[in-house]
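**Student:** Make a model of this:
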Amino acid sequence: MGPIDHLVTSGTFSLDGGTWDVDNNVWIVGDDREVFVIDAAHDADKIAEAVGGRTVKAVVCTHAHDDHVNQAPALADRFSAPILLNPAEKVLWDMTWPDRQPDGELADGQVITAGGIELRVLQTPGHSPGSSCLYSAELGTVFSGDTLFQGGPGATGRSYSNFDTIIESIRTTLLTLPGATTVRTGHGDATSIGDEAPHLEEWIAKGS
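**Tutor:** Residues are numbered from 1 along each chain as shown. The predicted model follows:
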């Protein structure tokens, strides 16, 4: 097993009275002893199978839209692991899990470590109030949740999201990372900072 394992799970995303079918990227980061699960989506059994016999240091949530957290408690309970989430996501978390709160917080600049891999928390609000990305300089990778995709920023058309805020987060936080940094997204294909950076002005023009 490499430092990054990847699986795609399928289910639904619901907000503002609508429901959509979605495929989510679930990322498992660490070594052959201990890992983080990033964004526990849709299929707890499939994720647990990918974890195998390893210790889960934490179930890390980039944000609290239901498609990214709907299996977080199940996996946390199965592996006796804490759920970590930025506290600004509480309004969204409570829509899915009103009776179960996260066990710990993600804060900008915080460093969490599993299997010798350090992930630095980058606070990137916009898609949601407390969206977080996770950056590993050693792996040359940022796990961007739904903040940055191949081809542009995450959606900001629904409640608790803001286009100007997401653009500011991408411009000041993500696009300052090295251009070769791989962007491993919450949905769809990976990209790189260098591939996305030149398009910032286009996105701004489209969004304004």
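
**Student:** does residue 20 sit in a helix, a strand or a coil?
**Tutor:** When classified by DSSP: H, G, I helix; E, B strand; the rest coil, residue 20 comes out as strand.

**Student:** Contact partners for it?
**Tutor:** Contact partners of residue 20, counting by Cβ atoms under 8 Å, 6 or more residues apart in numbering, are 12-14. All C-beta spots, glycine's among them, are computed from the backbone N, C-alpha and C.

**Student:** same thing but 6 Å
**Tutor:** residue 13 (Cβ atoms under 6 Å, 6 or more residues apart in numbering).

**Student:** just the one 3 residues further on next, same as before
**Tutor:** Contacts for residue 23 were tallied using Cβ under 6 Å, 6+ apart; they are 8, 10.

**Student:** Same check on residue 134?
**Tutor:** 119, 143.

**Student:** beta partners for it?
**Tutor:** On the basis of DSSP bridges, residue 134 is bridged to residue 121, residue 143.

**Student:** I'd like the distance between it and residue 66.
**Tutor:** Per Cβ to Cβ, to the nearest Å, residue 134 is found 20 Å from residue 66.

**Student:** Does residue 26 touch residue 7 like I think?
**Tutor:** Yes: Residue 26 lies in contact with residue 7 (Cβ atoms under 6 Å); the separation is 5.1 Å.

**Student:** Count the neighbours of residue 98 for me.
**Tutor:** 8 (other Cβ atoms under 10 Å).

**Student:** so how far is residue 64 from it?
**Tutor:** Relative to residue 64, residue 98 is positioned 12 Å away (Cβ to Cβ).

**Student:** same question, residue 47
**Tutor:** From residue 47 to residue 64 the distance is 17 Å (Cβ to Cβ).

**Student:** which residues sit in contact with residue 73?
**Tutor:** residue 100.

**Student:** So in this structure, where's the weakest helix or strand by average pLDDT?
**Tutor:** helix 200-207 (a mean of 90; mean pLDDT, DSSP states H and E).

**Student:** Can you list the buried residues in that helix?
**Tutor:** Within helix 200-207, the residues scored as buried using 16 or more other Cβ atoms under 10 Å are residue 203.

**Student:** Check what contacts that helix and list those residues.
**Tutor:** 152-153, 163, 167.

**Student:** part of a strand, is residue 89?
**Tutor:** No: assessed with three-state DSSP, residue 89 is helix; it does not lie in a strand.

**Student:** With that, I have no additional questions.
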